[in-house]
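Visitor: Kindly generate the corresponding structure for this input.
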Amino acid sequence: MSCGCKTSGDSAHSCGPKKTANGCESVNTCGNSYKLSVFDWLSNINNPSSNRCDFVEVRFKNDRKSFYKNVNNIPLHIGSVVTVESSPGHDVGVVSLTGELVKIQMKKKKFPEESLLKIYRQANQKDLEVWQEARKKEDGVKLEARKIAHRIGLEMKVTDVEYQGDSSKITFYYTADNRVDFRQLIKEYAGAFRTKIDMKQIGFRQEAAKVGGIGSCGRELCCSTWLTDFRSVNTNVARYQQLSINPQKLAGQCGKLKCCLNYELDSYLDALSNFPSSSTMLDTEKGRAFCIKIDVFKKKMWFAYVDSSMAWYDFDIELVKKLISKNKRGEKILPLEDLKQPESPIQTIDLIQENNVDRFEKKNRGNNRNRNQNQNRPNNNGQGQGQQGQGPKKNRPERSERPERTDRSERQENPNANSGNQQRPPQKQQPKPQPKAQTEKADASSDPEKKQQNPNKKNFKKKYPPKKDKNA
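Guide: Residues are numbered from 1 along each chain as shown. Here you go, the predicted model:
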């Protein structure tokens, strides 16, 4: 038998071998998947009294719950599918809470014990089959009901449809702005669906709780997950929190003001208790000034002149209190621009102290220099005496070491080396005086470099043979 842990209230989901006598083992995943679930924090605590609680909370489709009395002392646990008393016939639901916590919930909701209905039995296979077939019809019935209401011309919206467990009654949940005459509508519904009809009007917030959705915060709606009561929200809540009165931003999916505006209201009221009144007027030598804005977090108030309200001046609330006390004594205060003190730059403290990307390079820059000098010292000592006077220039390559300069020096010393391949007659050039170090390094140029360059020149001249000069 399935545990019936789905949000829709049907028993299509089955726990299989995980289900034990104590209930569903995966109750954290499937037991808490339905709306408005209750955590039984007294389940592991033994009852000191011998009296056993016979009251059970049973959940039906969506967020509808009710309390029943276990007259036959049936062993029930969270997730058990039971058949309960209804009018007319019987209904099928899922046990959502057992034990002493049920009494606390009944006391909280002011549910009388005398009006409790009975639990007949655990649902058998026949009850489950009838229940599942009734659940499958609900979507089609809802669409047909909307068409009938539109044909009659009633200004209403059928939000949800719920079949009773034995398919003997259909409950239609609807929303409407004004009063609706159902006399003709109920006749049409009874003729179309051939069963007892029950109409229940709900509010727009209850509609959003039944339908569900994602809020502007990116999470599921509070009313469809954990919120059980709907408190009134008005525009004064937004004014206390210094929010702009924009209906598109303050309204939820139900079209009403968001319930979450009440969550931080108490904190704002506590903070505003230390502030002067927002209707405070200051008498200055330049004219009267009024409060135009309040910042709760920075504890500041902005003032502007009545005559010219373009310039705003912010003051701490302690200074504002002193100015108000001066006005009460009949003294006029200085103009606002004179009272405004230059703001000192706030020095931020970096607790991590890792803002700079190159923080490691600054610390180790001196160590790297010393390390490079220590590495160069043994190389300088191992060289000959003739080159000791050159110093750090040994690490850098001389200009004569480049291959272009070596070829030029070779051409100057041996002008007739490549006379067979020259295009022009050799011109007499006066050799320039060169330093000894440069000539030594030019003579020390390796022969394989010449061999690597000469074949390239020969191949190039084979492809493009030079023209013979008659004057050569």
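Visitor: which other helices and strands contact the top helix by length along the chain?
Guide: Using DSSP state H to define each element, the chain has its longest helix at helix 125-152. Applying 3 or more C-beta pairs under 8 Å, 6 or more residues apart in numbering; DSSP states H and E, one finds that helix 125-152 contacts strand 81-85, strand 90-97, strand 157-163, helix 183-193. From N, CA and C alone the C-beta is placed, and that goes for glycine too.
Visitor: Let's have the ones you listed in a markdown table, adding mean pLDDT.
Guide: A markdown table is the format used below for the helices and strands packed on helix 125-152 (pLDDT from 0 to 100):
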| stretch | mean pLDDT |
| --- | --- |
| strand 81-85 | 93 |
| strand 90-97 | 92 |
| strand 157-163 | 93 |
| helix 183-193 | 91 |
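Visitor: I'd like to know which of those is closest to residue 247.
Guide: Residue 247 sits nearest to strand 157-163 of all the helices and strands packed on helix 125-152, at 20.7 Å, using C-beta to C-beta.
Visitor: partners of that closest one in the sheet?
Guide: Each strand paired with strand 157-163, and its direction, by DSSP bridges: strand 169-175 (antiparallel).
Visitor: If you count neighbours, what's buried in the partner strand?
Guide: Across strand 169-175, burial judged by 16 or more other C-beta atoms under 10 Å covers 169, 170, 171, 172, 173, 174.
Visitor: Report the two of those residues separated the most.
Guide: 169 and 174 (16.0 Å).
Visitor: Kindly indicate whether residue 200 is helix, strand or coil.
Guide: strand (DSSP: H, G, I helix; E, B strand; the rest coil).
Visitor: Helix or strand for residue 102, just tell me which one.
Guide: Using DSSP states H and E, residue 102 maps to helix 101-108.
Visitor: any idea which helix or strand comes after that helix?
Guide: Downstream of helix 101-108, the first helix or strand assigned by DSSP H and E is strand 117-122.
Visitor: Just the residues contacting that following strand, thanks.
Guide: By C-beta atoms under 8 Å, 6 or more residues apart in numbering, the surrounding residues in contact with strand 117-122 are 1, 56, 58, 66, 68-72, 74, 76, 80-86, 90.
Visitor: Also stretch 299-306?
Guide: For stretch 299-306, contacts defined as C-beta under 8 Å, 6+ apart pick out 274-276, 280, 282, 284, 286-295, 310-317, 320, 336.
Visitor: Check stretch 209-216 too.
Guide: 35, 62-63, 159-160, 173, 202, 220-224, 227, 252-253, 258.
Visitor: quick one, phi psi at the closest residue to residue 252 other than its chain neighbours?
Guide: Spatial nearest neighbour of residue 252, chain neighbours left out: residue 258 (4.6 Å); criterion: C-beta to C-beta, 6 or more residues apart in numbering. Taking degrees, to the nearest 10, you get phi -70, psi 140 for the backbone angles of residue 258.
Visitor: still on that earlier bit, compare the contacts of stretch 209-216 and tell me which is most surrounded.
Guide: Comparing the contacts of stretch 209-216 by number of neighbours (other C-beta atoms under 10 Å), residue 223 comes first, having 27 neighbours.
Visitor: and it, helix, strand or coil?
Guide: Residue 223 falls in the helix class when you classify it by three-state DSSP.
Visitor: in the stretch 301-450 of the chain, what spans have low per-residue confidence?
Guide: Within the stretch 301-450 of the chain, the stretches with pLDDT under 70 are 342-346, 348-450.
Visitor: switch the cut-off to 50
Guide: 380-394, 400-407, 409-410, 415, 417-423, 436-450 (pLDDT under 50).
Visitor: does the nearest residue to residue 234 once chain neighbours are set aside have beta-bridge partners, and which?
Guide: Of all residues not flanking residue 234 in the chain, residue 257 sits nearest, at 7.2 Å (C-beta to C-beta, 6+ apart). Beta bridges link residue 257 to residue 251, judged by DSSP bridges.
Visitor: For residue 257, give me its contacts.
Guide: Residue 257 is in contact with 233, 234, 235, 237, 238, 250, 251, counting by C-beta under 8 Å, 6+ apart.
Visitor: got the contact list for the first one?
Guide: Right, residue 233. Residue 233 makes contacts with 256, 257, 258, 259, 261, 262, as judged by C-beta under 8 Å, 6+ apart.
Visitor: and it, that's in a strand?
Guide: No - Residue 233: not assigned to a strand; according to three-state DSSP it is coil.
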